[in-house]
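Trainee: Have a look; sequence and predicted model below, questions after that.
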Amino acid sequence: SQKIEQNSEALNIQEGKTATLTCNYTNYSPAYLQWYRQDPGRGPVFLLLIRENEKEKRKERLKVTFDTTLKQSLFHITASQPADSATYLCALALQAAGNKLTFGGGTRVLVKP
Amino acid sequence: DTGVSQNPRHKITKRGQNVTFRCDPISEHNRLYWYRQTLGQGPEFLTYFQNEAQLEKSRLLSDRFSAERPKGSFSTLEIQRTEQGDSAMYLCASSSPRGNSYNEQFFGPGTRLTVL
């Protein structure tokens, strides 16, 4: 069966350091992968999208890598700030499947000042 | 506010009652998705519409669940004969095509359902 796994343990990190989150998937050939941020009691907010033929994407302090051989994506927050504290969700999509998203369980990040 | 809106934000109901939620997507978005999220989990896909056509329903969507998007704008999700296991956050998202692809989805704030 298809599985998307994110580290369920919270990631505690010191302000200014780089947070690295992992998303692993099995039995899946996604057209693209997305990362979302979710704050408590709110809906997810889109951050970055990376396609199957792309290796790396950057947006400001965020960087995503995508390795379709390892079936893994890494999400990096550089120079982390307390305001980055949230849950980060990885989601895969198949264009042939209406672009519906299949989400991982999310990883909670806590940036301490 | 031109984002996705959902009403009500919170709903508490007794087991066996029917509930209906509404989602108003971003106006020019022709795709609308419903997801369900329980505590500590990621959202799970329920169903989606392109304009007024319901194109896919998850097996999670039992026959007690029905969704509509009658005019291709707002959508409603109805749960009949609610059960305690239906307690969750119900999220709506919308998207529009860029070229021939639909990419990022814009989520609403969700409706939190509690079934007593």
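Mentor: Nice, I can see it.

Trainee: Check which helix or strand residue 35 maps to.
Mentor: No chain in the question, so chain A it is. Using DSSP states H and E, residue A:35 maps to strand A:32-38.

Trainee: Correction: the question concerned chain B.
Mentor: strand B:31-37.

Trainee: Convert that strand to PDB, retaining C-alpha atoms only.
Mentor: C-alpha atoms of strand B:31-37 as PDB (Å, rounded to 0.1, in the frame of the first residue of the first chain):
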ATOM      1  CA  ARG B  31     -11.500  22.900  -8.400                       C
ATOM      2  CA  LEU B  32     -12.700  22.300  -4.900                       C
ATOM      3  CA  TYR B  33     -11.400  19.600  -2.500                       C
ATOM      4  CA  TRP B  34     -12.700  18.300   0.800                       C
ATOM      5  CA  TYR B  35     -10.300  16.700   3.300                       C
ATOM      6  CA  ARG B  36     -10.700  15.400   6.900                       C
ATOM      7  CA  GLN B  37      -8.000  15.800   9.500                       C
END
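
Trainee: by contact count, what packs against the helix or strand that it is followed by?
Mentor: Once strand B:31-37 ends, the next helix or strand along the chain (criterion: DSSP H and E) is strand B:44-50. Contacts defined by 3 or more CB pairs under 8 Å, 6 or more residues apart in numbering or on different chains; DSSP states H and E place strand B:44-50 against strand A:101-103, strand B:31-37, strand B:53-57, strand B:65-68. Backbone N, C-alpha and C define where each C-beta goes, glycine included.

Trainee: so what pLDDT did the closest residue to residue A:66 other than its chain neighbours get?
Mentor: Among residues not flanking residue A:66 along the chain, residue A:50 sits closest, at 4.5 Å (CB to CB, 6 or more residues apart in numbering or on different chains). Note on residue A:50: pLDDT of 92.

Trainee: Let me see the contact set for residue A:50.
Mentor: A:32-34, A:56-57, A:64-66, A:73 (CB atoms under 8 Å, 6 or more residues apart in numbering or on different chains).

Trainee: quick one: it and residue B:31, what's the gap?
Mentor: 21 Å (CB to CB, to the nearest Å).

Trainee: and what of residue B:60?
Mentor: Residue B:60 is 19 Å from residue B:31, by CB to CB.

Trainee: With residue B:2 instead?
Mentor: 17 Å.

Trainee: Contact distance from chain B - what residues of chain A qualify?
Mentor: Proximity of chain A to chain B (CB under 8 Å from any CB of the partner chain) is limited to residues A:4, A:6, A:8, A:32, A:34, A:36, A:41-46, A:49, A:89, A:91, A:95, A:97-106.

Trainee: one more time with 6 Å, if that's ok
Mentor: A:42-44, A:46, A:49, A:89, A:98-100, A:103-106 (CB under 6 Å from any CB of the partner chain).

Trainee: I'd like those residues written out as TSV, with neighbour count added.
Mentor: As requested, the residues of chain A next to chain B are exported to TSV (neighbours: other CB atoms under 10 Å in any protein chain shown):
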residue	neighbour count
A:42	15
A:43	23
A:44	29
A:46	17
A:49	19
A:89	28
A:98	17
A:99	21
A:100	22
A:103	23
A:104	25
A:105	15
A:106	26
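
Trainee: pLDDT weak spots in chain B?
Mentor: Scanning chain B with the threshold set as pLDDT under 70 gives B:1, B:99-102.

Trainee: Parallel or antiparallel, list what pairs with the strand holding residue A:35.
Mentor: Taking DSSP bridges as the criterion, strand A:32-38 forms sheet pairs with strand A:45-51 (antiparallel), strand A:86-93 (antiparallel).
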